[in-house]
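# kindly return the folded structure for what I paste below:
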Amino acid sequence: MAGQGVGVKEVSWLDCAGGGQIVVDGNFAYIGHIDAPNGTTIVDVADPKNPKIVSEIAIPHGLHSHKVRAANGIMVVNREHHGRAPDGKHPGRGGLMIYDVANPRAPKLIRHWECDGNGVHRFTFDGRYAYISPQVEGYVGNIVMILDLKDPARPEEVGRWWMPGQWKAGGETPSWKGHAHRCHHPIRRGDRLYTSYWHGGVVILDIADMAHPKLVSSIDWSPPFPWPTHSAVPIDRAIAGRRYMLVADEDVLPMDEEMAPEMSAFIWMVDITDETRPTPIGSFQVAGVEGQRNPQMTGCHQPVETIVGNEVPAAWFSNGLRILDISNPHAMREVAHFIPDTQSGKRVCSNDVYVDEGGLIYLADRWRGLSIVERA
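Numbers count the residues shown, from 1 in each chain. Have a look, this model is predicted:
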């Protein structure tokens, strides 16, 4: 049974393990999976009506590689502790796995770059530099790090940044509990890193000198809002002469369950015309979820990470794919949606979305399946 949508038509559905991230490079899609033993799947999408799995990489239980990027013949996946190995044995160190995918049908491991703690969570990769969120000895929670992969066999740290309070080995004391403030997702545009910092909000970093990232500004609304900040995505064009970024809170892990209002996490529009003073000026939530306590993963997760036009596809967990018109930043509105049929036996959980150069939309479900859709 096909998925159901308004203003969206399903092109195809691929039966595969649940995906944490989907990215397309050339004629191939790369899917990072949530649960071991499924690590990474490479799919030939030259004919998007007939996607074909051409390679699969397994990962040991107790780890996952749920994030993936590919560019310039290099594929990078994260390696993060996730659950427990059935035999109770330690699954090995986290970090990044770097592959040669000049032939995507036969990926070759180049290097396992290791780090401490749980490993690396989310990252971006531009074909030369990786902007990552590793755990590093001496720090509380994940920090920002820039790796140079000019020689993929010998990644070199270029620079790092952390929120004051994270560097316990340096005598700093966090003002928050546990790992509430930690780097989640750095996204580069020019000489800026737009970085979500979980319950620490958003930080904009100047990386003109990559060896010494500098804080430009920050904003945090958690509290009063209970949800962690997942992604800060700059909009790659001005709207009415002003600059903006979309900030997605994730509908998981509220800071305080009792603090959670009767709403699910949503998307914010933030004016960054003056980047030293980011200012929220609008928000969007899917209709029908207000006024009641909803299960987690009902609300927002992740918008597409490259925004060039007025329409922005977003993965909205159990509400599937939502396409937002952002032409009026003060009043974003939904113009189309799509609810996949995951055939997983669980409710829909749209986890990540990608748009290729031809405008096709790739939607990964957390539990099962990849949907390829287009605007109707």
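# please count neighbours and contacts with C-alpha atoms only from this point.
OK.
# host element of the nearest residue in space to Ile132 that is not next to it in sequence?
Nearest non-adjacent residue to Ile132, counting by CA to CA, 6 or more residues apart in numbering: Phe123, 4.3 Å away. Phe123 belongs to strand 116-125 when assigned by DSSP states H and E.
# quick one: average pLDDT of that strand?
Here strand 116-125 scores 96 as its mean pLDDT.
# ok, now which ones touch the residue nearest to Ile132?
Lys67, Asn78, Ala130, Tyr131, Ile132, Ser133, His185, Pro186, Ile187 (CA atoms under 8 Å, 6 or more residues apart in numbering).
# mind running it again at 10 Å?
Going by CA atoms under 10 Å, 6 or more residues apart in numbering, Phe123 touches 67-69, 76-78, 96, 130-134, 144-146, 183-187.
# filter these down to the ones in strands?
Among the contacts of Phe123, the members found in strands (DSSP state E) are 68-69, 76-78, 96, 130-134, 144-146, 183-187.
# which of those residues are buried, as a ChimeraX select command?
To isolate the buried members of the ones in strands among the contacts of Phe123 in ChimeraX, using 16 or more other CA atoms under 10 Å:
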select :68,69,76,77,78,96,130,131,132,133,134,144,145,146,183,184,185,186,187
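# ok, Glu275 to Ala2 distance?
44 Å (CA to CA, to the nearest Å).
# actually Trp268, not the one I wrote
Trp268 is 31 Å from Ala2, by CA to CA.
# go on, Met263?
The span separating Met263 from Ala2 equals 30 Å under the rule CA to CA.
# equivalent analysis for Pro134, please.
Taken as CA to CA, the span from Pro134 to Ala2 is 39 Å.
# tell me where the model's unsure across this structure.
Where the chain drops to pLDDT under 70, the residues are 1, 255-261.
# check it for me, the residue farthest from its geometric middle.
Gly171 (31.4 Å; CA atoms, centre = their mean).
# just checking, it touches Val140?
No. Gly171 is beyond contact range of Val140, at 11.7 Å (criterion: CA atoms under 10 Å).
# on that earlier part again, state the distance from the residue farthest from the centre of the chain to Pro134.
Taken as CA to CA, the span from Gly171 to Pro134 is 20 Å.
# quick one, what contacts Leu63?
34-39, 78-85, 90-94, 118-119.
# repeat that for 6 Å
Applying CA atoms under 6 Å, 6 or more residues apart in numbering, we find Leu63 in contact with Glu80, His81, His82.
# out of those, which is most surrounded?
Glu80 (28 neighbours; other CA atoms under 10 Å).
# what about that one, which SS state?
When classified by DSSP: H, G, I helix; E, B strand; the rest coil, Glu80 comes out as strand.
# how about it, what does it touch?
Contacts of Glu80 by CA under 6 Å, 6+ apart are Leu63, His64, Gly94, Asn118, Gly119, Val120.
# filter those down to the buried ones, PyMOL style.
Buried residues within the contacts of Glu80, by 16+ other CA under 10 Å, are selected in PyMOL with:
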select buried, resi 63+64+94+118+119+120
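# between the contacts of Glu80, which sits nearest Pro51?
His64 (23.7 Å; CA to CA).
# measure that closest one to Pro280 for me?
Applying CA to CA to His64 and Pro280 gives a distance of 34 Å.
# could you report the neighbour count for Pro226?
Around Pro226 there are 24 residues (other CA under 10 Å).
# from what I can see it touches Pro254, true?
Yes. Here Pro226 reaches Pro254: they are 4.9 Å apart, a contact under CA atoms under 6 Å.
# for beta bridges, what are the partners of Asp148?
Note on Asp148: beta-bridge partners Tyr129, Glu156, judged by DSSP bridges.
# let's number from 59 now, not from 1
Right, with 59 as the first residue, what we last looked at is Asp206.
# you'd agree Ile89 is up against Thr99?
Yes. Using CA under 6 Å, Ile89 is in contact with Thr99, at 5.2 Å.
# and these two? Which one has more around it.
Ile89 (31 against 22).
# now the more buried one: which helix or strand?
strand 86-91.
# helix or strand right after that strand?
Defined by DSSP H and E, the subsequent element after strand 86-91 is strand 96-102.
# quick one, that following strand and strand 86-91 angle?
Calculated by axes from the mean of the first three to the mean of the last three CA atoms, to 10 degrees, strand 96-102 forms an angle of 160 degrees with strand 86-91.
# show me how far strand 96-102 is from its chain's centre.
Counting by CA atoms, centre = their mean, to the nearest Å, strand 96-102 is centred 17 Å from the centre of its parent chain.
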